[in-house]
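Trainee: Next one to model:
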Amino acid sequence: MLLLVPLGGLLLLAVLFDYLVVVGPMRSTFDRSLADAAVVFAAYVRETPDGGVAMTLPEPLARQLAEVQGTRPRVALFGADGRYLTGDAGLPAPSAGSAGSGAFSFATAALGNEERLRVVWYRFEAGPRALVLAVGEPLGDREDATRPLVTATLTLDVLQLVAVVALVLIGVRQGLRPLLEFRDELTRRQDRGLEPLDESRAPQELKPLVAALNGLLARMQATAESQQKFVADAAHQLRTPLAGMQAQLELLERDAQALPVRDQVRAVREGLKRLAHTAHQLLTLARAEGSATLERDFAAVDLRALAEEAVAQYLDRALGKHIDLGAEAAAAEVRGVEWLLRELLGNLVDNALHYTPAGGIVTVRTGPCGDGAFLEVEDDGPGIPPEERPRVLERFHRAPGAGGTGSGLGLAIVSDIVALHGARLDLGAGAGGRGTRVRVEFGVGESAREA
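Mentor: I've put the predicted structure just below:
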């Protein structure tokens with residue numbers, strides 16, 4: 001679009017130049033033809049016996065001049081002082097001047113009927129007398145003769161401009177195509193595809209840019225790997241001493257000598273257990289960040305196997321609370337990070353068992369859903385009020401009246417993992433409007449990531 005402004009200016013200059021080159025010489029040619037006609041007319045000016053002047057042009061010659069000029073010229077004879085003598089009285093008189101014999105002067109004149117003429121005044125001598133011959137022709141005849149040439153020239157200029165604009169657009173589009181391809185590739189990668197771009201596909205002008213982008217991608221990948229390593233090390237370093245402390249406290253609680261402080265030891269052990277659980281959830285949140293997960297971490301995950309594993313893991317706890325924990329799992333596979341999806345399902349089952357009263361039912365479901373798959377956990381506990389459902393996905397927020405000693409991170413972890421996988425999270429009521437049903441649908445984000 002910016003190129004159209006200078007190209008338009010160049011067109012105007014080209015039109016002006018062509019006009020001067022084409023119309024100027026044509027006007028000069030018409031003026032010379034008009035001057036030649038004046039010389040021919042002057043050759044037939046004669047003095048009359050009574051001292052006057054007369055101009056008698058043979059009819060064949062008059063017709064020939066009319067054919068050359070395109071129309072019959074209008075002729076008038078004036079004295080040197082501009083006094084009208086004979087001929088067409090409508091022609092303008094010459095201006096007084098000191099030009100000598102044989103001089104020509106030209107002007108464009110408008111007559112009373114708005115007709116415009118091109119007039120030449122020719123000064124000559126007929127015997128002892130100095131005379132001025134005026135010859136005029138309509139400008140319309142000239143315009144009719146020059147219009148086709150001017151129109152053809154301007155049309156050619158416009159066609160040249162259109163051709164140049166078309167070539168510029170094609171050239172710019174072709175030149176930008178590699179850059180647009182790299183842009184599309186980076187857009188499809190979202191925030192985890194940190195592999196270097198293929199420099200061999202880049203034109204010579206873009207190779208420095210591609211090299212700089214590859215350097216940036218390499219630094220980002222190194223940062224993500226460093227963050228992954230740090231979180232993994234932190235998780236290991238935290239779990240080991242906390243697990244050791246819990247084991248020591250369990251032994252101390254069984255020791256007969258600790259009977260006077262057994263309640264205090266049990267309270268410390270429970271607090272340490274909650275601390276270990278909270279630390280584990282915080283580390284999971286950190287590892288669920290998009291910047292800490294690489295594309296290579298994604299692989300095919302069997303949701304039915306995860307559901308069956310989760311039911312087996314929490315079955316003892318469910319039996320201890322007299323809760324019916326089961327699975328309705330159909331074959332379903334998604335592309336994702338397996339350990340994160342395991343954490344997602346574990347948090348959902350843990351929450352359901354935590355809030356479902358004795359005698360309740362918790363069901364884990366998996367199966368196909370449109371072009372993707374779904375994962376669902378439903379319970380018949382107290383449920384979550386509709387106005388609280390958006391807020392329970394926030395970190396450290398717990399619904400009013402929620403019992404227990406939770407940290408408010410379970411559903412926040414689920415929300416982050418769902419976002420990382422490009423899935424959709426639906427939090428609603430269970431069957432018959434009782435309890436809570438959390439459904440995760442995979443599909444939309446999967447196609448984008450695989451592309």
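Trainee: you'd agree residue 417 is up against residue 344?
Mentor: Yes - using C-beta atoms under 8 Å, residue 417 is in contact with residue 344, at 4.5 Å. For every residue, glycine as well, the C-beta is placed using N, CA and C.
Trainee: Mind checking which of these two has more residues around it?
Mentor: residue 344 (31 against 26; other C-beta atoms under 10 Å).
Trainee: isn't there a strand covering that one?
Mentor: No - assessed with DSSP: H, G, I helix; E, B strand; the rest coil, residue 344 is helix; it does not lie in a strand.
Trainee: Tell me the predicted confidence for it.
Mentor: At residue 344, the pLDDT value in this model is 90.
Trainee: again, but for residue 356
Mentor: 90.
Trainee: for residue 402, same thing?
Mentor: 54.
Trainee: just residue 267 next, same as before
Mentor: 82.
Trainee: Can you get me a residue count around it?
Mentor: 11.
Trainee: And it, which helix or strand is it part of?
Mentor: helix 262-287 (DSSP states H and E).
Trainee: For the stretch 101-250 of the chain, just list every one of the strands.
Mentor: Remark: strands assigned in the stretch 101-250 of the chain by DSSP state E, counting those that start in this stretch are 104-110, 116-126, 129-138.
Trainee: With mean neighbour count as extra columns, can I get those in JSON lines?
Mentor: Output for the strands of the stretch 101-250 of the chain, formatted as JSON lines (neighbours: other C-beta atoms under 10 Å):
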{"stretch": "strand 104-110", "mean neighbour count": "13"}
{"stretch": "strand 116-126", "mean neighbour count": "20"}
{"stretch": "strand 129-138", "mean neighbour count": "22"}
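Trainee: Residue 333: which of these is closest?
Mentor: strand 116-126 (88.5 Å; C-beta to C-beta).
Trainee: Show me what the closest one pairs with in its sheet, parallel or antiparallel.
Mentor: strand 104-110 (antiparallel), strand 129-138 (antiparallel) (DSSP bridges).
Trainee: what comes into contact with the longest one?
Mentor: In this case it means strand 129-138. With contact meaning C-beta atoms under 8 Å, 6 or more residues apart in numbering, strand 129-138 is reached by 34, 37-38, 41-42, 45, 47, 53, 69-71, 73-80, 82, 85, 87-88, 91-94, 101, 109, 115-125.
Trainee: Check which residues of stretch 369-379 are buried.
Mentor: Within stretch 369-379, the residues that qualify as buried are 369, 372-379, counting by 16 or more other C-beta atoms under 10 Å.
Trainee: Kindly export it (C-alpha atoms) in PDB.
Mentor: This file holds the C-alpha atoms of stretch 369-379, laid out as PDB (Å, rounded to 0.1, in the frame of the first residue of the first chain):
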ATOM      1  CA  CYS A 369     -16.000 -37.600  22.900                       C
ATOM      2  CA  GLY A 370     -16.400 -36.200  19.400                       C
ATOM      3  CA  ASP A 371     -13.000 -36.100  17.800                       C
ATOM      4  CA  GLY A 372     -11.300 -36.400  21.200                       C
ATOM      5  CA  ALA A 373     -11.900 -38.100  24.500                       C
ATOM      6  CA  PHE A 374     -13.200 -37.200  28.000                       C
ATOM      7  CA  LEU A 375     -12.200 -37.900  31.600                       C
ATOM      8  CA  GLU A 376     -14.800 -37.500  34.400                       C
ATOM      9  CA  VAL A 377     -15.200 -37.900  38.100                       C
ATOM     10  CA  GLU A 378     -18.600 -37.700  39.700                       C
ATOM     11  CA  ASP A 379     -19.700 -38.000  43.400                       C
END
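Trainee: Number of residues surrounding the closest residue in space to residue 249 that isn't next to it in sequence?
Mentor: Distances taken as C-beta to C-beta, 6 or more residues apart in numbering place residue 269 nearest to residue 249, at 4.1 Å, with adjacent residues excluded. Applying other C-beta under 10 Å, we find 18 residues neighbouring residue 269.
Trainee: do the same with residue 21
Mentor: Every residue meeting other C-beta under 10 Å relative to residue 21 is counted, giving 11.
Trainee: again with residue 73
Mentor: 24.
Trainee: and if you look at residue 56?
Mentor: The burial count for residue 56: 8, using other C-beta under 10 Å.
Trainee: Which neighbouring residues are in contact with it, exactly?
Mentor: Residue 56 neighbours (C-beta under 8 Å, 6+ apart): 44, 46.
Trainee: Going along the chain, name the helices of the stretch 101-250 of the chain.
Mentor: Assigned by DSSP state H, counting those that start in this stretch, the helices in the stretch 101-250 of the chain fall at 139-189, 207-254.
Trainee: As TSV, the ones you listed with distance to residue 352 would be great.
Mentor: Formatted as TSV, the helices of the stretch 101-250 of the chain follow (distance: least, C-beta to C-beta, whole Å):
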stretch	distance to residue 352
helix 139-189	36
helix 207-254	25
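Trainee: mind checking which of those is nearest residue 337?
Mentor: helix 207-254 (11.3 Å).
Trainee: the inter-axis angle of that closest one versus helix 139-189?
Mentor: Inter-element angle recorded for helix 207-254 and helix 139-189: 30 degrees (by axes from the mean of the first three to the mean of the last three C-alpha atoms, to 10 degrees).
Trainee: on contacts alone, who are the packing partners of helix 207-254?
Mentor: Helices and strands touching helix 207-254, by 3 or more C-beta pairs under 8 Å, 6 or more residues apart in numbering; DSSP states H and E, are helix 139-189, helix 262-287.
Trainee: In this structure residue 412 contacts residue 418, no?
Mentor: No - with contact taken as C-beta under 8 Å, residue 412 and residue 418 are classed as non-touching, separated by 10.8 Å.
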